[in-house]
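*Asks:* I'll drop the sequence and a predicted model, then ask my questions.
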Amino acid sequence: MGDDHAYPEEAPAHPVSVSGFWIDACAVTNADFAVFVEATGYQTIAERPLDPAAYFGADPASLVPGSAVFFTPTGRVDMRDVGSRWAYVPGANWRHPEGPESTVAGREDHPVVHVAFEDAEAYAAWVGKALPTEAEWEFAARGGLDGAPFCWGDEFTPDDRYMANTWQGIFPFIDQGLDGFVGRAPVGSFPPNGYGLYDMAGNVWEWTGDWYSDRHPAAARSACCVPRDPRGASQEHSYAPFGPDLHIPRKVIKGGSYLCAPNYCQRYRPAARLPQAIDTGTCHIGFRCVVRANPPPKSDDTGEPS
């Protein structure tokens, strides 16, 4: 797991061992999620009224159901300003990924998005599965290529062939679509990795079940004991040190998305990882599920096995 030569949160590189598991070949699609909603009446976080008590200082008039949507600016912007390319759009949710006037009709085979962590967990439980741990997800994404930077090998575009749905051009205002897509793509549009898994890089980020910490534990370098079925950090250590997510715990997301570009976010790699507040879905985060041969021990909020 991990990488010592990329972003700091990916270090240190270290060996881990995971028990046997099965993982979905593709991310959960709009069609899959629609079956779940039809059967259960489930309502995602993006579709529910917001509790003003949970958003101290916010204008109550702005606390309407919706989600975060990326928009393409017309030119260069201040990359420190997230609002230059992201907006909270009332009415955006998994059924309406770009806003209330949009639809998933004709995009049933696209990955479902605007699902918060709770939504992904609810779907996984309904189908009798679970969300993968970070270690499981990364093991699966590597496809048997230990140490390779990409899910498919050492080169980003072997023989000039694009292997994942990413951003080509100058992010965030020019996406040339050289890989065949601008925006999300149907699942399975690119070749599978060595384990037969599709879109383990690019297209949409994917939730894992592990709490986030800003580095892998230093103890992971220990030569004497290889961690088995590691479960990441504790909830206490997952909170952002500053910013709007200060009081909201964060889970690890993996895989990068169609918004990852060489000039901005080269996270279309197995080792890449980012934190995501558990109450927040976006237009570029989805998930897939696992079934475990021997489920790993659950962790309490201290990070210790319970």
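*Replies:* Right, received. Where do you want to start?
*Asks:* show me where pLDDT drops low in the protein?
*Replies:* For the chain, applying pLDDT under 70 flags the ranges 218-223, 244-245, 295-306.
*Asks:* can you rerun that using 50?
*Replies:* 302, 304-306 (pLDDT under 50).
*Asks:* where do the strands of it begin and end?
*Replies:* Secondary structure of the chain (DSSP state E): strands located at 21-23, 66-70, 86-90, 205-211, 250-254, 273-277, 285-286, 290-292.
*Asks:* any buried residues in the third one, and which?
*Replies:* Right, the one you point to is strand 86-90. Within strand 86-90, the residues that count as buried by 16 or more other Cβ atoms under 10 Å are 86-87, 89. Quick note: C-beta positions are derived from backbone N, CA and C, even for glycine.
*Asks:* coming back round to it: quick check: which of the strands of the chain is nearest to Ala54?
*Replies:* strand 273-277 (11.6 Å; Cβ to Cβ).
*Asks:* now do the closest one against strand 205-211, angle only.
*Replies:* Angle, strand 273-277 to strand 205-211, by axes from the mean of the first three to the mean of the last three Cα atoms, to 10 degrees: 80 degrees.
*Asks:* tell me how far strand 273-277 lies from the chain's centre.
*Replies:* Centroid displacement of strand 273-277 relative to its chain, using Cα atoms, centre = their mean, to the nearest Å, is 8 Å.
*Asks:* next, the angle strand 250-254 makes with that strand.
*Replies:* 140 degrees.
*Asks:* can you name every helix or strand that strand 273-277 contacts?
*Replies:* strand 205-211, strand 250-254 (3 or more Cβ pairs under 8 Å, 6 or more residues apart in numbering; DSSP states H and E).
*Asks:* what pairs with it, parallel or antiparallel?
*Replies:* Strand 273-277 pairs in its sheet with strand 250-254 (antiparallel), by DSSP bridges.
*Asks:* buried sites along the partner strand?
*Replies:* By neighbour count on 16+ other Cβ under 10 Å, the buried set for strand 250-254 is 250-254.
*Asks:* out of these, flag the one nearest to Asn193.
*Replies:* The closest of these, once distances to Asn193 are taken by Cβ to Cβ, is Lys254, at 13.5 Å.
*Asks:* excluding chain neighbours, what is closest to the closest one?
*Replies:* In space, and not counting its chain neighbours, Lys254 is closest to Trp137: 5.0 Å by Cβ to Cβ, 6 or more residues apart in numbering.
*Asks:* then Thr166?
*Replies:* Leaving aside its chain neighbours, Thr166 sits nearest to Gly202 (4.6 Å; criterion: Cβ to Cβ, 6+ apart).
*Asks:* my guess is the one you found contacts Gly256. True?
*Replies:* Yes: here Gly202 reaches Gly256: they are 5.5 Å apart, a contact under Cβ atoms under 8 Å.
*Asks:* pull up the overlap in contacts between the two.
*Replies:* Shared contacts of Gly202 and Gly256 (Cβ atoms under 8 Å, 6 or more residues apart in numbering): 164, 166, 268.
*Asks:* surely the second one and Gly255 touch.
*Replies:* No: the pair Thr166 and Gly255 does not pass the contact test of Cβ under 8 Å, sitting 10.8 Å apart.
*Asks:* so which of the buried residues of strand 86-90 is the closest to Cys224?
*Replies:* The nearest one, if we look at the buried residues of strand 86-90 relative to Cys224 and count by Cβ to Cβ, is Trp86, at 44.9 Å.
*Asks:* would you mind telling me which of the helices and strands packed on strand 273-277 is nearest His5?
*Replies:* strand 250-254 (18.0 Å).
*Asks:* need the contact list for the residue nearest to Thr166.
*Replies:* 164-166, 190, 255-258, 260, 268.
*Asks:* tell me what it is bridged to.
*Replies:* Asn165.
*Asks:* run a quick neighbour tally on Ser234.
*Replies:* When neighbours are counted by other Cβ atoms under 10 Å, Ser234 registers 16.
*Asks:* buried residues in stretch 264-272, which are they?
*Replies:* 265-272.
*Asks:* Tyr264 touches Met79, doesn't it?
*Replies:* Yes: using Cβ under 8 Å, Tyr264 is in contact with Met79, at 7.3 Å.
*Asks:* overlap in contacts of these two?
*Replies:* Counting by Cβ under 8 Å, 6+ apart, the residues touching both Tyr264 and Met79 are Pro172.
*Asks:* looking at the strands of the chain, which is nearest to Pro8?
*Replies:* With Cβ to Cβ as the yardstick, what comes closest out of the strands of the chain is strand 273-277 (10.9 Å).
*Asks:* so what touches the closest one?
*Replies:* Residues contacting strand 273-277 (Cβ under 8 Å, 6+ apart): 9-10, 117, 134, 205, 207, 212, 238, 240, 245, 248-254, 267, 285.
*Asks:* again, only using 7 Å
*Replies:* Strand 273-277 has contacts (Cβ atoms under 7 Å, 6 or more residues apart in numbering) with 9-10, 134, 212, 245, 248, 250-254, 267, 285.
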